[in-house]
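Asks: after the sequence you'll find the predicted model.
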Amino acid sequence: MQVIDGRTFGFAGMLRNQSSVLPTFLMVGIPGLEDKGLWLAIPFCTMYAAAILGNLIIILVIIEVPSLHKPMYFFLSMLAVSELGVSLSTLPTVVSVFIFDVREIGMDACFTQMFFIHCFSLMDSGVLWAMAFDRFVAIYSPLQYVTILTSSRIATIGLGIALRSVVIMAPLPILLRGLPFCGANLLAHPYCLHPNLIRLPCADVTVNNRYGLFLVLSTFGLDSLIILLSYVMIVKTVLGMASKEGRLKALNTCVSHICAVVVFFVPMIGVSMAHRFGKHASPLLHALMANVYLLVPPVLNPVIYSIKTKEIRHALCKFFS
């Protein structure tokens with residue numbers, strides 16, 4: 001048993017004498033449950049299998065079924081791709097820690113994983129605001145829906161979302177790379193996340209913290225504001241409809257997207273608040289919230305759209321039959 005910063009870690013060989021500049025990081029996994037790796041692997045691997053299989057099926061069904069070649073489902077396929085990217089970015093180290101008990105990760109590998117996790121998460125956020133815009137156009141101007149959201153414009157939006165994610169996330173590993181790491185270099189997750197890594201350097205991280213705050217406000221904050229404004233306009237448009245049946249039908253087309261927004265933003269806000277204001281909270285709480293944020297949306301969104309969207313249900317039946 002070894003004690004670091006008042007916390008006890010029961011697995012052997014996690015800490016070693018290292019120089020002031022550390023080339024590797026050591027992943028705890030789930031704090032307090034270090035010796036339960038194989039048991040933890042069962043629920044984790046089950047959720048990863050569900051997330052990867054569910055999102056792959058959504059992508060394949062939209063590609064193969066011509067009736068789904070519409071703007072709404074093109075955006076849904078983008079959402080599935082980004083969530084697939086989040087799952088595949090975190091899966092290697094989760095398997096390494098929980099199944100093979102290999103907890104060491106090199107600095108370059110760690111920063112690369114961090115970049116892809118946050119990049120795909122930001123793509124998730126971007127696709128959700130694009131889907132909110134799609135619902136607004138469909139309800140506000142249904143007769144011009146197809147002419148406004150053409151295939152070329154959808155492709156441009158998708159490319160812009162991906163490019164924004166890459167450009168704005170690129171400075172994170174660069175800024176971290178220039179800092180000295182000394183001490184235990186322990187990561188309280190089975191993967192590398194920026195809020196966890198930013199606590200480890202033995203140098204001033206003011207620039208990193210300010211850029212991280214700018215990143216959150218200018219991307220996730222702006223995206224959530226666009227989504228909110230889109231739904232304000234949607235509700236205003238729906239209330240102006242004469243037919244009650246028409247109002248219910250219009251709102252029903254938004255249910256799946258609203259569920260996806262809640263599933264994505266609520267855990268993300270929880271993780272951000274915990275890292276900003278819960279510095280003295282249990283490491284177990286931080287680890288569990290991070291796992292919920294990264295695992296739950298990719299698992300639930302395919303289920304939500306399969307249950308709530310009639311066209312997807314019919315397409316799935318047709319695809320498998």
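Replies: Looks like it arrived, so ask away.

Asks: mind naming the longest helix for this structure?
Replies: helix 107-140 (DSSP state H).

Asks: hmm, who's touching the very next helix or strand once past it?
Replies: Next in sequence after helix 107-140, counting helices and strands by DSSP states H and E, comes helix 145-148. With contacts defined as Cβ atoms under 8 Å, 6 or more residues apart in numbering, helix 145-148 is touched by Pro71, Val137, Ala138, Ser141. Bear in mind the C-beta positions are built from the backbone N, C-alpha and C, glycine included.

Asks: format those as JSON lines; extra columns: distance to Pro302 and neighbour count.
Replies: JSON lines is the format used below for these (distance: Cβ to Cβ, whole Å; neighbours: other Cβ atoms under 10 Å):
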{"residue": "Pro71", "distance to Pro302": "19", "neighbour count": "22"}
{"residue": "Val137", "distance to Pro302": "24", "neighbour count": "19"}
{"residue": "Ala138", "distance to Pro302": "21", "neighbour count": "20"}
{"residue": "Ser141", "distance to Pro302": "29", "neighbour count": "12"}
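
Asks: which single one of the residues you listed is nearest to Cys254?
Replies: Ala138 (9.1 Å; Cβ to Cβ).

Asks: verify the stated contact: that closest one with Thr253.
Replies: Yes - using Cβ atoms under 8 Å, Ala138 makes contact with Thr253 at a distance of 6.7 Å.

Asks: what sits against the spatially most central residue of the chain?
Replies: Ranked by distance to the mean C-alpha position of the chain (Cα atoms, centre = their mean), the top residue is Ser121 at 3.5 Å. Taking Cβ under 8 Å, 6+ apart, we find Ser121 in contact with Ser82, Val86, Met268, Leu294.

Asks: please apply the same query to Val86.
Replies: Ile117, Phe120, Ser121, Asp124, Leu294, Pro297, Pro298.

Asks: so which of the residues you listed wins on neighbours?
Replies: Most neighbours among the contacts of Val86, by other Cβ atoms under 10 Å: Pro298, with 29 neighbours.

Asks: gap between it and Cys182?
Replies: Going from Pro298 to Cys182 by Cβ to Cβ, to the nearest Å gives 35 Å.

Asks: what's across from the closest residue to Glu104 other than its chain neighbours in the sheet?
Replies: When the adjacent residues along the chain are set aside, Glu104 lies closest to Thr24, with 5.2 Å between them (Cβ to Cβ, 6 or more residues apart in numbering). With DSSP bridges as the criterion, Thr24 is bridged to Gly106.

Asks: right, and Thr24 touches Asp108 too?
Replies: No - using Cβ under 8 Å, Thr24 is not in contact with Asp108; the gap is 10.1 Å.

Asks: neighbour-wise, which of those two wins?
Replies: Thr24 (15 against 11).

Asks: tell me the contacts of that one?
Replies: Per Cβ under 8 Å, 6+ apart, neighbours of Thr24: Gln18, Glu104, Ile105, Gly106, Met107, Asn185.

Asks: one more: Ala188?
Replies: By Cβ under 8 Å, 6+ apart, the residues touching Ala188 are Val28, Pro31, Asn196, Pro283, His286, Ala287.

Asks: Ile30 too?
Replies: So Ile30 contacts Lys36, Leu40, Pro190, Leu284, Ala287, Leu288 (Cβ under 8 Å, 6+ apart).

Asks: for the second one, give me its contacts.
Replies: Shown in contact with Leu40 (Cβ under 8 Å, 6+ apart): Gly29, Ile30, Leu33, Phe98.

Asks: now, of those, which are buried?
Replies: Buried residues within those, defined by neighbour count using 16 or more other Cβ atoms under 10 Å: Gly29, Ile30, Phe98.

Asks: from the contacts of Leu40, which land in helices?
Replies: The members of the contacts of Leu40 that map onto helices under DSSP H are Phe98.

Asks: can you report phi and psi for Met27?
Replies: Torsion angles at Met27 (phi, psi; degrees, to the nearest 10) stand at phi -90, psi 120.

Asks: likewise for the one 4 residues further on?
Replies: In terms of degrees, to the nearest 10, the main-chain angles of Pro31 are phi -60, psi 130.

Asks: okay, which residue of the chain is out on the far edge from center?
Replies: The chain, Cα atoms, centre = their mean, max distance from centroid: Ala242 (39.2 Å).

Asks: for it, helix, strand, or coil?
Replies: coil (DSSP: H, G, I helix; E, B strand; the rest coil).

Asks: residues in contact with it?
Replies: Ala242 neighbours (Cβ under 8 Å, 6+ apart): none.

Asks: from Val255, how far out is it?
Replies: Counting by Cβ to Cβ, the gap from Ala242 to Val255 is 22 Å.

Asks: do Arg153 as well
Replies: Remark: distance between Arg153 and Val255 (Cβ to Cβ) = 25 Å.
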